[in-house]
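> Provide a 3D model corresponding to the input given below.
(one chain, ligands or ions: 1)
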Amino acid sequence: MKIVAVLYPGPAEQHVDHSGLDVLGSTEGALGLREQLESEGHEYVVLSDRDEALREHLPDADVFITTPFWPTYLSGDDLRRAPRLKLVLTAGVGSDHVDSDTAAELGITVAEVTGSNVVSVAEHAVMQLLTLVRNYIPAYQQVVDGRWDIADIAARSHDIEDKTVGIIGMGQIGQRIALRLKGFDVRMLYNTRHRRSSTEEAVFGARFKHLDDLVAQSDAIVLSCPLTSETKGMFGEERLRSMRPGAWLVNIARGQIVDTDALVRVLEDGHLGGYAGDVWYPQPAPADHPWRSMPGHALTPHVSGTSLEAQQRYAAGVQDSVRRFLAGEPLQDDYVVA
Ligand SMILES: NC(=O)C1=CN([C@@H]2O[C@H](COP(=O)(O)OP(=O)(O)OC[C@H]3O[C@@H](n4cnc5c(N)ncnc54)[C@H](O)[C@@H]3O)[C@@H](O)[C@H]2O)C=CC1
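Presented below is the predicted three-dimensional model:
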């Protein structure tokens, strides 16, 4: 079998991390699959060049592994050019980079590693929220710049206590965000496709709201829903402007849920207090892209589900799926997307 993995390049510099955990999500770590596959006589191609992967290796691949952190977009046409392809695996969660309708039509299984990096993302979401609310990045920049202007930082710094936080998408990640936020004494609202039971609501400490009400009533909103045709562009200009003036938006889901150009406008004219998370722009962003000049109180970066612990979990999930596939066993049920 030919198994192809497209992963992000290994670290430019070697870091000493005392945990002893490897960067399994990179081309160097190769998801810990190399030994197993090569000892069994399979061909395992690992590369970071996405164009090369699609052009040279997809056409005769049996299994194609991608990761949302370095997404290789697989269109219907790409999938049709791969007659041997049986399985597309996502090392992580969120397979919106794969045309899953066409995959289903062609009998190709699309699977991910459900739950693998949810702790990493939930912790990151809370951090991003606090980073915005406390105006942390400009304060850090002051230290780096050797300045000491407390009023400049204090003028945008708030307590999160007593604020209303709305969570959109109360799944594996949203629930963990809610549980972590409980300790901050916030009022929590949520919206999700299927309302949770009253017992679950009590455990999460969150009240269900219609989307428009949640948006209008929240001081901060966290997006933790998948990118689907329904959520794509969900936060266009009108919805962004229906957020409270000065509100913060954290998007740990996908950049395309928010209209980037509209977001630039609401940040530039000060309607929103700040944005943290994924943004949808050409990579790397051109030098004159508005993001490149956004101040730190308005925009904080996004690399959320990538902790070393998360990488061990999604690598283990990919290893399990590949092993099952090669043994002709069904994949774990809740991993299968299409
Ligand atoms: N930033 C990162 O590193 C990562 C981001 N993600 C993103 O987070 C998303 C959520 O991940 P999980 O919580 O593990 O998935 P999940 O499937 O457990 O939960 C998703 C939740 O979103 C809700 N939802 C779906 N459509 C909705 C809509 N139109 N409006 C409101 N709620 C809606 C669902 O009802 C479900 O409760 C993934 O699909 C992925 O895009 C996931 C992992 C890592």
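
> what's the neighbour count on the residue lying closest to T114 once chain neighbours are set aside?
Computed as C-beta to C-beta, 6 or more residues apart in numbering, the closest residue to T114 that is not its neighbour in sequence is D334, at 4.8 Å. Yep, even glycine has a C-beta here, placed from its N, CA and C like the rest. The number of residues packed near D334 is 11, by other C-beta atoms under 10 Å.

> try L33
22.

> List, one by one, the residues from this structure near the ligand.
92-94, 117-118, 121, 168-174, 191-194, 224-228, 230-231, 252-254, 304-305 (C-beta under 6 Å from any ligand atom).

> how about a cut-off of 5 Å?
Applying C-beta under 5 Å from any ligand atom, we find that the chain lies next to the ligand at 93-94, 117, 121, 169, 171-173, 192-193, 225-226, 230-231, 252-254, 304-305.

> mind listing what the residue of the stretch 201-338 of the chain found nearest the ligand touches?
Across the stretch 201-338 of the chain, no residue is closer to the ligand than G305, which sits at 2.7 Å (C-beta to the nearest ligand atom). The contact partners of G305, by C-beta atoms under 8 Å, 6 or more residues apart in numbering, come to P68, F69, G92, V93, N117, V118, S120, V121, H124.

> Just the ones in helices from those residues, please.
Among the contacts of G305, DSSP state H puts V118, S120, V121, H124 in helices.

> any chance of those in CSV, plus neighbour count and pLDDT?
CSV is the format used below for the ones in helices among the contacts of G305 (neighbours: other C-beta atoms under 10 Å; pLDDT from 0 to 100):
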residue, neighbour count, pLDDT
V118, 21, 96
S120, 24, 96
V121, 26, 96
H124, 25, 95
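
> on that earlier part again, how confident was the prediction at the residue nearest to the residue of the stretch 201-338 of the chain closest to the ligand when sequence neighbours are not counted?
Nearest non-adjacent residue to G305, counting by C-beta to C-beta, 6+ apart: N117, 3.5 Å away. We have a pLDDT of 95 for N117.

> One more: Q283?
68.

> Within the sheet, what are the partner strands of the lowest-mean-pLDDT helix or strand in the chain, with directions?
Taking mean pLDDT, DSSP states H and E as the measure, the helix or strand of the chain with the lowest value is strand 299-300, at a mean of 82. Looking at strand 299-300 with DSSP bridges, its partner strands are strand 272-277 (parallel).
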